[in-house]
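# Model the structure of this input:
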Amino acid sequence: MARLFAALFLAFFMGFARPASAQSFNAQEQAEIRAVVREYLVRNPDVLREALDSLEARVTAERWRQIRNDPRDFAMGPADAPVTIVEFYDYRCAYCHRALEWLTDVVRTRNDVRVVFKELPILSAESMEAARAVLAARPQGRYWQFHQALMSFPLNQELTSAEIDRIARQSGIDVARMRRGMESPEITALLEENRAHAVNFEISGTPGFVINGELISGFDETRLDARLREATREARQRQAQR
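Take a look at the predicted model:
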């Protein structure tokens with residue numbers, strides 16, 4: 001009852017209730033409801049904290065669902081894998097380059113892990129062009145090859161448009177077709193959404209790894225391995241409880 005009461009408070013005062021619900025009460029009745037709810041919550045503050053914690057948990061769960069299940073993202077591993085790693089990366093990021101070997105090893109050796117790749121070009125114009133190129137080339141079915149090649153390109157060399165085209169061509173991509181799609185509104189929207197997701201998960205730089213909802217900032221192989229083991233153990237415990 002206490003949780004229900006607090007939930008009604010949040011709905012009424014924070015705008016989550018449908019307009020029709022509020023319109024079913026006149027002004028005096030609404031004022032009386034506010035007074036009763038306020039008095040109850042003043043006397044029982046733990047109820048409000050529980051409700052806010054519950055709301056935060058639901059919001060976090062929905063954000064995690066959005067970043068791990070977007071069909072526009074390239075992913076490797078079983079769709080129903082119990083552990084999901086979402087990587088936010090930039091092609092001009094030194095630590096993203098270093099993380100490639102770790103991610104490749106996870107994809108190669110684990111059949112219970114899914115890896116989702118999210119472009120977050122924040123370092124330079126080169127980063128943005130490379131991200132757009134990869135997204136535009138994805139329909140050609142050579143994303144992974146192109147991704148690996150770009151992540152292996154030396155950071156002390158300028159990643160020019162000509163170099164991006166050369167790498168794409170060597171990866172088996174129709175460059176002209178890729179170029180035609182790079183400025184599409186769909187790619188712009190996806191990159192903007194990726195940036196918004198990064199803000200929601202408090203990712204301030206690249207790489208950012210979200211493993212079953214928990215953020216690991218930067219490339220720290222020890223922390224990543226520890227979180228991967230923990231997420232695997234949690235997934236097995238959930239499976240055993242079913």
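# okay, now residue 137: neighbour count?
The tally of other residues near residue 137 (other Cβ atoms under 10 Å) stands at 26. (Glycine included, C-beta is placed from N, CA and C.)
# Look at it and give its secondary structure.
Assigned by DSSP: H, G, I helix; E, B strand; the rest coil, the conformation of residue 137 is helix.
# quick one, what contacts it?
Residue 137 is in contact with 143, 146, 168, 171, 173, 178, counting by Cβ atoms under 8 Å, 6 or more residues apart in numbering.
# quick check, the third one in a helix?
It refers to residue 168. Yes: according to three-state DSSP, residue 168 belongs to a helix.
# ok, it - contacts?
So residue 168 contacts 133, 137, 146, 175, 178 (Cβ under 8 Å, 6+ apart).
# next one: the last one
Listed by Cβ under 8 Å, 6+ apart, the contact set of residue 178 reads 133, 136, 137, 140, 168.
# Run the chain-centre distance for whatever helix or strand it lives in.
Assigned by DSSP states H and E, residue 178 belongs to helix 175-181. Counting by Cα atoms, centre = their mean, to the nearest Å, helix 175-181 is centred 27 Å from the centre of its parent chain.
# number of nearby residues for the closest residue in space to residue 81 that isn't next to it in sequence?
Leaving out its chain neighbours, the residue that sits closest to residue 81 by Cβ to Cβ, 6 or more residues apart in numbering is residue 114, at 3.9 Å. Other residues near residue 114 come to 21 when the count uses other Cβ under 10 Å.
# Next: the one 10 residues further on.
Neighbour count for residue 124, taken as other Cβ under 10 Å: 15.
# That one contacts residue 92, doesn't it?
Yes: the pair residue 124 / residue 92 is scored as a contact, 5.4 Å apart, by Cβ atoms under 8 Å.
# next one: phi and psi at the residue nearest to residue 217 when sequence neighbours are not counted?
The shortest distance from residue 217 to any non-neighbouring residue, by Cβ to Cβ, 6+ apart, is to residue 208 (5.8 Å). Phi and psi for residue 208, reported as degrees, to the nearest 10, are phi -120, psi 130.
# Tell me who's in contact with residue 208.
Contacts of residue 208 by Cβ under 8 Å, 6+ apart are 87, 88, 120, 198, 201, 215, 216, 217, 218.
# Tell me the pLDDT of residue 242.
pLDDT recorded at residue 242 is 75.
# Over to residue 14?
pLDDT recorded at residue 14 is 49.
# Then residue 29?
pLDDT recorded at residue 29 is 78.
# Wasn't it part of a strand?
No: going by three-state DSSP, the assignment for residue 29 is helix, not a strand.
# Which parts of the protein belong to which domain?
2-61, 70-241 (automatic domain parsing).
# mean pLDDT lowest for which of the ones you listed?
Among the domains of the chain, domain 2-61 scores lowest, at a mean of 65.
# If the closest residue to residue 228 other than its chain neighbours is in a bridge, with which residues?
Counting by Cβ to Cβ, 6+ apart, residue 228 lies nearest to residue 211, which is 6.3 Å off, once chain neighbours are set aside. Per DSSP bridges, the residues bridged to residue 211 are residue 85, residue 214.
# and the two most separated of the contacts of residue 208?
Comparing all pairs in the contacts of residue 208 by Cβ to Cβ, the longest separation belongs to 120 and 216, at 14.8 Å.
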